[in-house]
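Novice: A predicted structure for the sequence below; I have some questions about it.
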Amino acid sequence: QLQLVESGGGLVQPGGSLRLSCAASGFTLDYYAIGWIRQAPGKEREGVSCISSSGGYTNYADSVKGRFTITRDNAKNTVYLQMNSLKPEDTAVYYCARRTSAICSGIAPGLFGSWGQGTQVTVSS
């Protein structure tokens, strides 16, 4: 069955970097846009980034633009989120999720269907 599994989270100091991975199975990754969404304690879910099925189009939340980079390797059925210059406010559970189409057209959490279980990212000194 369809499955998305995130990994790569952890504890990092402010200014540090992490790379999250989202491994997909049970469907053909090539056909779908994939996004990353995060949820901080006590806050609503926030769309972080999205990448189109071909990887040719990406978009980002203003809060992460210039610091985060989303990429994908369809041959490996994996989507990545490289996070640099991390800040304490980036602390959250990060989820990858699948759109029902090949394009992104926004990063609002409600646009995404199937979700992974999430991986915790904590930015603290």
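Specialist: Sure thing, it's come through.

Novice: the strands in this structure, which residues?
Specialist: 3-7, 10-12, 18-25, 34-39, 46-51, 58-60, 68-73, 78-83, 92-98, 119-123 (DSSP state E).

Novice: C104: which of the ones you listed is closest?
Specialist: Of all the strands of the chain, strand 46-51 sits nearest to C104, with 3.7 Å by C-beta to C-beta. Any C-beta I mention is one placed from the backbone N, CA and C, and that applies to glycine too.

Novice: show me what contacts Y94?
Specialist: Going by C-beta atoms under 8 Å, 6 or more residues apart in numbering, Y94 touches 6, 9, 20, 36-38, 48, 81, 118-121.

Novice: Let's see that with 6 Å instead.
Specialist: 20, 36, 38, 119, 121 (C-beta atoms under 6 Å, 6 or more residues apart in numbering).

Novice: distance of the first one from K76?
Specialist: Translated: L20. Distance, L20 to K76, using C-beta to C-beta, to the nearest Å: 14 Å.

Novice: How about the fourth one?
Specialist: From T119 across to K76, the span is 18 Å (C-beta to C-beta).

Novice: and what of the second one?
Specialist: Taking C-beta to C-beta as the measure, W36 falls 17 Å from K76.
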